[in-house]
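S.K.: okay, sequence plus prediction incoming.
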Amino acid sequence: MVLNKPSIYVTRKIPKIGLELLSSHCDITVHEGAEPPDHKKILSNIQGKDGLLCMLTDKIDAEIMNASRKLKVISSFSVGVDHIDISQATKMGIYVTHTPGVLTNATADLAFALMISAARRIPEGDENIRNNNWKGGWSPDMLLGEGVYGKTLGIIGLGRIGSALAERASGFKMKILYNNRKRSRSKEKKLNAEYRSLEDLLKESDFISLHVPLTVETHHLIDNQKLKKMKRNAILVNTSRGQIVDENDLVDTLEEGLISGAGIDVFSSEPLPRDSRISKLKNVVLTPHIGSATHHTRNLMSEISVRNLLKVLKGENPFYLFNPEVMKVKSLSSIKMF
Ligand code: NAP
């Protein structure tokens, strides 16, 4: 029996498959703007809400969690949850859910695309043609780049997306090296991958792709000191989170020609400021945080983020709970709203 419909704040207009499902069970307030709501706006809209469906662009801190005494669940439309103060949520008995798995293939596709684009200088070629700078037709030394087939790929963070990238690279007969905190013999066997210390991986790889979550431990994991260990012809790909790389150190390294190039989807500040140094470089390929941006994936993220939220409010186990310790603080049965 529903006494009061749960009240939910959704911080962006997500694909309608999720919004229709959510509105059939709950009263919803959706932020309609083309830009994310700022902190103040989230603070005023969260008041009196039972649930929050948020994006990676929303910083969900203690102040926001304390603004609604009724808040039971924060469902993120993302796999990464670095924008949410998880320990605070757990302490307050708030369930935090996310959408792992459904964006794995889309993000791995983009990482591979960035690798090839940076290696073969595809955007530079495209720009030359559009700017009428393609003079003299075919030329023996025009836009020479690096090959990909048969090269060595170092994957930092061989989880869901890192493993999907390794599967793609095996078709290109690449040698796969990886670094995780825990070595996994079963993954090594399945993906034909070899474990390396971070330092050895940096020294041996032609391509290095980052797939670790952003945590205190991985913040600026790649800095000047690590970049200096990479090969001169190496290419760095980052589809994980911008703050994992010290962006100033990366730009210095690329300017000095100490590595060959980079393919970057995520930045320390998003959107990239107009005067950002990285966007002035020729030897980088940049995309605006579009790792999961396929129609199919975003529909799945919409549906799963809503189903996660509804499950918690029904007092049932959500599909993907990020903070299972919360169950010791507040039971699902005490949350049950319908
Ligand atoms: P995942 O399955 O949890 O994989 C993360 C991997 O990183 C795990 O294998 C983990 O293994 C490893 N790891 C964690 N800390 C590490 C450390 N300090 N050093 C070395 N390895 C470490 O996550 P996923 O689904 O692949 O997603 C990865 C990240 O991609 C997300 O957190 C998100 O930030 C990002 N992402 C970006 C986009 C985009 O649009 N660009 C889209 C989706 C995801 P151990 O625990 O053994 O260390």
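M.R.: Looks like it came in fine.
S.K.: does stretch 285-298 reach the ligand?
M.R.: Yes. Taking Cβ under 6 Å from any ligand atom as the criterion, stretch 285-298 and the ligand are in contact, through 289, 291-292. Where C-beta positions appear, they are placed from N, C-alpha and C, glycine not excepted.
S.K.: tell me which of the residues you listed is nearest to the ligand?
M.R.: The shortest separation between the ligand and any of those is 2.4 Å, and it belongs to Gly291 (by Cβ to the nearest ligand atom).
S.K.: please give me every residue in contact with the residue in the chain that the ligand sits nearest to.
M.R.: Per Cβ to the nearest ligand atom, Gly159 is where the chain lies closest to the ligand, at 1.8 Å. Gly159 makes contact with 180, 211-212 under the criterion Cβ atoms under 8 Å, 6 or more residues apart in numbering.
S.K.: most neighbours out of those residues, which is it?
M.R.: Neighbour counts for the contacts of Gly159 were taken using other Cβ atoms under 10 Å; the highest belongs to His211, with 27 neighbours.
S.K.: near the ligand, which residues of this structure show up?
M.R.: Proximity of the chain to the ligand (Cβ under 6 Å from any ligand atom) is limited to residues 79-80, 100, 103-104, 107, 156-162, 179-182, 211-214, 217-218, 239-241, 265-266, 289, 291-292.
S.K.: just the buried residues out of those residues, in ChimeraX syntax.
M.R.: With 16 or more other Cβ atoms under 10 Å as the criterion, this ChimeraX line picks the buried residues out of the residues of the chain next to the ligand:
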select :79,80,100,103,104,107,156,157,158,159,160,161,162,179,180,211,212,214,218,239,240,241,265,266,289,291,292
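S.K.: what about the residues of the chain next to the ligand, which are in strands?
M.R.: The subset of these located in strands under the criterion DSSP state E comprises 156, 179.
S.K.: just the residues of the chain next to the ligand: which are in helices?
M.R.: Under the assignment DSSP state H, the residues of the chain next to the ligand contribute 104, 107, 160-162 to helices.
S.K.: redo those as JSON lines? Include pLDDT.
M.R.: Output for those, formatted as JSON lines (pLDDT from 0 to 100):
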{"residue": "Thr104", "pLDDT": "98"}
{"residue": "Thr107", "pLDDT": "98"}
{"residue": "Arg160", "pLDDT": "98"}
{"residue": "Ile161", "pLDDT": "98"}
{"residue": "Gly162", "pLDDT": "98"}
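S.K.: out of the residues you listed, flag the one nearest to Lys151.
M.R.: Of all those, Gly162 has the smallest distance to Lys151: 16.9 Å, by Cβ to Cβ.
S.K.: could you export stretch 156-163 as CSV, CA atoms only?
M.R.: What follows is stretch 156-163, C-alpha atoms only, in CSV (Å, rounded to 0.1, in the frame of the first residue of the first chain):
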residue,chain,number,x,y,z
ILE,A,156,46.6,0.3,-15.7
GLY,A,157,43.4,-1.0,-14.0
LEU,A,158,42.5,-4.4,-15.6
GLY,A,159,38.9,-4.3,-14.4
ARG,A,160,35.7,-4.4,-16.5
ILE,A,161,36.8,-1.7,-19.0
GLY,A,162,40.5,-2.5,-19.0
SER,A,163,39.7,-6.2,-19.7
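S.K.: list the contacts of the closest residue to Lys5 other than its chain neighbours.
M.R.: Spatial nearest neighbour of Lys5, excluding adjacent residues (Cβ to Cβ, 6 or more residues apart in numbering): Asp27 at 4.9 Å. When contacts are counted by Cβ under 8 Å, 6+ apart, Asp27 is found next to 5-8.
S.K.: check Ile161 too.
M.R.: The contact partners of Ile161, by Cβ under 8 Å, 6+ apart, come to 103-104, 107-108, 111, 211, 239.
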